[in-house]
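Asks: sequence? don't have it. structure:
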Ligand code: 2AM
Ligand code: CA
């Protein structure tokens, strides 16, 4: 039977909100003693892992033949046609410190193509989503990227490098350039939320390197469906697995990308 992506997307939103309620409830009783260290600056807790288990079991029930690319490795099942790319908690450092910006991010790929994205920002109860050939939505309202025509009219989001410091000098040059020539920069600490904010026009652009597929897949798709553009730093399409992403509104995307390329050679 063909998959009805619109219905599936509604079910994914409901699942995201349900797991989001669990994360919110755990945040209220969370203690930093429960944090495990995956690597330098790399934290995870039972909240990330339990949330991922809930998502994997819920998504498997919705689409039994599907496989997973999931941050905490709950399932490594590969789907022949459909694979979910999921981050059960994007913005773990914020979660641990009680800073209210963290999201659940779920994308669906059919073969090599993104066909659905859902980001649920838990604190503001904001659910961003889109499916193949749809518009993009925030809590039932259609959204679109901003129409700001130039970088000078733009608010730009980024994430700071947390490893691969070899590229830090280039990163800082881009940062200085945007500091001088835009409305300013923001660093929320959740790439999924940054991308959702580009999709609904709060930010004109977002760029970061060293991100993983589960940080960006859903958000990149929602930005595209909201009329925005997404590439890697070369201006090409390898932004899900290529660990570099530039996303922005259509109007000033070229200026945005050129600024990044001037420094990241
Ligand atoms: P995470 O919270 O799921 O780990 C912020 O720059 C982005 O980078 C977030 O989407 C965050 O996702 C990701 N990230 C991954 N590992 C990180 C780390 N060790 N420190 C900061 N951000 C990290
Ligand atoms: Ca995560």
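Replies: Sure, I can see it. For clarity, every value in this text was computed on a predicted model and none was experimentally measured. Ligands and ions are numbered 1, 2, ... in the order given.

Asks: Residue 96 versus residue 37, what's the distance?
Replies: Counting by CB to CB, to the nearest Å, the separation of residue 37 from residue 96 is 11 Å. For the C-beta atoms, the positions are set from N, CA and C on the backbone; glycine is no exception.

Asks: Same drill for these two, tell me which one is more crowded.
Replies: Neighbour count, other CB atoms under 10 Å: between residue 37 and residue 96, residue 96 has more, with 20 against 9.

Asks: so what's the more buried one up against?
Replies: Residue 96 makes contacts with 30, 32, 35, 43, 45, as judged by CB atoms under 8 Å, 6 or more residues apart in numbering.

Asks: again, 10 Å this time
Replies: Contacts for residue 96 (CB atoms under 10 Å, 6 or more residues apart in numbering) come out as 27, 30, 31, 32, 34, 35, 43, 44, 45, 47, 89, 102.

Asks: Can you report phi and psi for residue 22?
Replies: phi -60, psi -50 (degrees, to the nearest 10).

Asks: Equivalent analysis for residue 245, please.
Replies: Torsion angles, degrees, to the nearest 10, at residue 245: phi -140, psi 140.

Asks: Mind pulling the model confidence for it?
Replies: For residue 245, the model assigns a pLDDT of 98.

Asks: what separates stretch 246-262 from the chain centre, distance-wise?
Replies: The chain centroid and the centroid of stretch 246-262 are separated by 18 Å under CA atoms, centre = their mean, to the nearest Å.

Asks: So which bits of it are buried?
Replies: When burial is assessed from 16 or more other CB atoms under 10 Å, stretch 246-262 yields the following buried residues: 246, 247, 248, 249, 251, 252, 253, 255, 256, 257, 259, 260.

Asks: what's the most distant pair in the residues you listed?
Replies: 251 and 260 (16.5 Å; CB to CB).

Asks: sorry, back to before: quick one: common contacting residues for residue 37 and residue 96?
Replies: 43, 44.

Asks: Skip the chain neighbours and tell me the closest residue to whatever residue of the chain ends up closest to ligand 1.
Replies: Using CB to the nearest ligand atom, the single residue of the chain nearest to ligand 1 is residue 159, 2.6 Å away. Once flanking residues are discounted, residue 159 sits nearest to residue 208: 4.0 Å by CB to CB, 6 or more residues apart in numbering.

Asks: I figured the one you found was touching residue 232, is that so?
Replies: No: using CB atoms under 10 Å, residue 208 makes no contact with residue 232, being 11.2 Å away.

Asks: next structured bit after the helix or strand of the chain with the lowest mean pLDDT?
Replies: Evaluated with mean pLDDT, DSSP states H and E, the helix-and-strand set of the chain has its lowest mean pLDDT in strand 35-39, which scores a mean of 73. Using DSSP states H and E, the helix or strand that follows strand 35-39 in sequence is strand 42-45.

Asks: Next secondary structure after that next one?
Replies: According to DSSP H and E, the helix or strand after strand 42-45 is helix 46-62.

Asks: what's the spacing between whichever helix or strand comes after that next one and its chain's center?
Replies: Tracing the chain past helix 46-62, the next element assigned as helix or strand by DSSP H and E is strand 67-70. The chain centroid and the centroid of strand 67-70 are separated by 15 Å, computed with CA atoms, centre = their mean.

Asks: do strand 67-70 and ligand 2 meet at all?
Replies: No: taking CB under 5 Å from the ion as the criterion, strand 67-70 and ligand 2 are apart, separated by no less than 9.7 Å.

Asks: please begin residue numbering at 619 from this point
Replies: Got it, first residue is 619 now, which makes that one strand 685-688.

Asks: any idea of the angle the next helix or strand after that strand forms with helix 664-680?
Replies: Following strand 685-688 in sequence order, the next helix or strand is strand 700-708 (DSSP H and E). For strand 700-708 against helix 664-680, the angle by axes from the mean of the first three to the mean of the last three CA atoms, to 10 degrees is 150 degrees.
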